[in-house]
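In: Sharing a sequence plus its predicted fold:
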Amino acid sequence: MMKENKKNHQLLPSPPLASAGTMEADDPAKFEHTAQPWELMVKPLDKNTFAHCKTYLITPSIIIYKESFASAIQIHGLTPDRMLSFTIPLKLGKQSLYWDKPINQREIPASLPGGLDVVLDAGQAHIIVLIELSLLERMLTKEQLTALKYAASQRRLPIIERALDAFTQWLLNLLDQTQQQTNIFQYASVLRSLEEDLLQHLLNVVRLPLQIPARDSREKRRLGFERALEFLREADLSSLSVPEICDKAEVSQRTLEYAFREHFNITPIHFIRKLRLHAVRKTLLTAHVNDITISDTAHQYGIYDMGRFASTYKSHFDELPSQTLAKPAIKNINPFAHFI
């Protein structure tokens, strides 16, 4: 009798282990604010009204979402820490680029923790899947994990096209189902089954390389770049400098510049300036107009030339800092934050 009671107790539902829903953003900064675990800096590339819509499923180890964009944008930033990510296009614009290159039907964009450089054309729609590396380490063989991580490090996963169609439909059905039945994730067994099915689909789709090349100078440069990004995630933007990044990354300034051009298509100092510019805007958008001043906010991030700052800000965001501050403050409502 005691064993039966214990078994029945284990089958009782627990608090939800997942979250599902939809989000919309009518401003690039609002999109950035809800983009976790990505750390993004978005720049509009056309005059279309910005509109972003996302349907999502979030668990402690997996994030799956379908999203669409009404306008063309450029995105620089950092890919999620401790996660493998890949994108399955649903509607791919002719101008869409991933790390300065288009994609074809035999591959899908992918990334490990690192830098992001993407151009999304107006009307772009896709599914994005993020998987915790710890989950892959638990559920894949060492050979499978090594091959998958190597393929992702090349920013493209070679795929079997007929298997991708089935995987895409499975993901779309999953998102539709979980919008209506979030209660199914009260059961840990359901979550484990989902994880198993997701990884099986992934292994069916990706053509894993049979041989992994020996490390070369490019691989060493990549490792240095990863150390640089790890430091940047927690760095103080007000005092950040290129020599400091080089020191933390254990690479020369020339190597760091080459790596940033390779991953972001811009120099390290340009990237730092973009980080500061976007940090100012995020601060202005989350504050009330009477609580802060624009000059104080800019100075806090190491910006001293206010005339040049206003001009750069206007060209980048198509509005003056004063216009940003006058907007209603963005509330910190991000369903992703609970799981990351």
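Out: Received the coordinates, thanks. Numbering: from 1, shown residues only.

In: which helices and strands does the host helix or strand of Ala163 pack with?
Out: Taking DSSP states H and E as the criterion, Ala163 maps to helix 161-180. Packing partners of helix 161-180 (3 or more C-beta pairs under 8 Å, 6 or more residues apart in numbering; DSSP states H and E): strand 19-25, strand 52-58, strand 62-69, strand 83-91, strand 125-132, helix 188-205. Any C-beta I mention is one placed from the backbone N, CA and C, and that applies to glycine too.

In: ok, now with 10 Å
Out: If contacts are counted by 3 or more C-beta pairs under 10 Å, 6 or more residues apart in numbering; DSSP states H and E, helix 161-180 sits against strand 19-25, strand 52-58, strand 62-69, strand 83-91, strand 107-111, strand 125-132, helix 188-205.

In: what is the mean pLDDT for the following helix or strand past the third one?
Out: Taking DSSP H and E as the definition, the helix or strand that follows strand 62-69 towards the C-terminus is strand 73-78. Along strand 73-78, the predicted local confidence has a mean pLDDT of 95.

In: and the closest residue in space to Leu90 that isn't next to it in sequence, how far is that from Ile88?
Out: In this structure, Leu90 finds its nearest non-sequential neighbour in Ala125, 4.3 Å apart by C-beta to C-beta, 6 or more residues apart in numbering. Relative to Ile88, Ala125 is positioned 10 Å away (criterion: C-beta to C-beta, to the nearest Å).

In: what sits in contact with each of these two?
Out: Lys66 (C-beta atoms under 10 Å, 6 or more residues apart in numbering).

In: before we move on, what SS does the closest residue to His76 other than its chain neighbours have?
Out: Among residues not flanking His76 along the chain, Met41 sits closest, at 4.9 Å (C-beta to C-beta, 6+ apart). Here Met41 is recorded as strand under DSSP: H, G, I helix; E, B strand; the rest coil.

In: residues touching Met41, list them.
Out: With contact set as C-beta under 10 Å, 6+ apart, Met41 has these partners: 28-29, 32, 74-78, 116, 271, 274-275, 277-279, 281-282, 316.

In: Give the buried subset of those residues as a PyMOL selection command.
Out: In PyMOL syntax, the buried subset of the contacts of Met41 is picked out as below (16 or more other C-beta atoms under 10 Å):
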select buried, resi 28+29+32+75+76+77+78+116+271+274+275+277+278+279+281+282
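
In: how about the nearest residue to Ala122, chain neighbours excluded?
Out: Per C-beta to C-beta, 6+ apart, closest to Ala122 is Ala72, 4.6 Å.

In: That neighbour contacts Gly123, doesn't it?
Out: Yes: at 8.7 Å, Ala72 counts as touching Gly123 under the criterion of C-beta atoms under 10 Å.

In: Mutual contacts of these two, please.
Out: In contact with both Ala72 and Gly123: Asn48, Gly93, Ser96, using C-beta under 10 Å, 6+ apart.

In: got those as a markdown table, with pLDDT and secondary structure columns?
Out: Listed next are the shared contacts of Ala72 and Gly123 as a markdown table, based on pLDDT from 0 to 100; DSSP: H, G, I helix; E, B strand; the rest coil:
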| residue | pLDDT | secondary structure |
| --- | --- | --- |
| Asn48 | 93 | coil |
| Gly93 | 85 | coil |
| Ser96 | 95 | coil |
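
In: Now the buried members of those residues.
Out: Buried among the shared contacts of Ala72 and Gly123 (16+ other C-beta under 10 Å): Gly93, Ser96.

In: nearest to Ser153, of the shared contacts of Ala72 and Gly123?
Out: The shortest approach to Ser153 among the shared contacts of Ala72 and Gly123 belongs to Ser96, at 21.4 Å (C-beta to C-beta).

In: show me the contacts for the residue nearest the centre of the chain.
Out: Ranked by distance to the mean C-alpha position of the chain (C-alpha atoms, centre = their mean), the top residue is Trp38 at 3.1 Å. Residues near Trp38 by C-beta under 10 Å, 6+ apart: 32, 63, 75, 77-81, 83, 85, 116, 128, 130, 336.

In: same thing but 7 Å
Out: When contacts are counted by C-beta atoms under 7 Å, 6 or more residues apart in numbering, Trp38 touches Gly77, Thr79, Pro80.

In: of these, closest to Lys220?
Out: Of the contacts of Trp38, the one sitting nearest to Lys220 (C-beta to C-beta) turns out to be Thr79, at 20.0 Å.

In: Quickly list what the nearest residue to the closest one once chain neighbours are set aside is bridged to.
Out: The shortest distance from Thr79 to any non-neighbouring residue, by C-beta to C-beta, 6+ apart, is to Ser111 (4.5 Å). When assigned by DSSP bridges, Ser111 has beta-bridge partners Ser85.

In: ok, now the one 5 residues further on?
Out: Beta bridges link Leu116 to Gly77, judged by DSSP bridges.

In: do the one 10 residues further on as well
Out: Going by DSSP bridges, His126 is paired in beta bridges with Glu67, Pro89.

In: For it, give me the pLDDT.
Out: We have a pLDDT of 97 for His126.

In: number of nearby residues for it?
Out: By other C-beta atoms under 10 Å, 20 other residues sit near His126.

In: Verify the stated contact: it with Ser85.
Out: No: contact criterion C-beta atoms under 7 Å: His126 and Ser85 do not qualify, at 11.5 Å.
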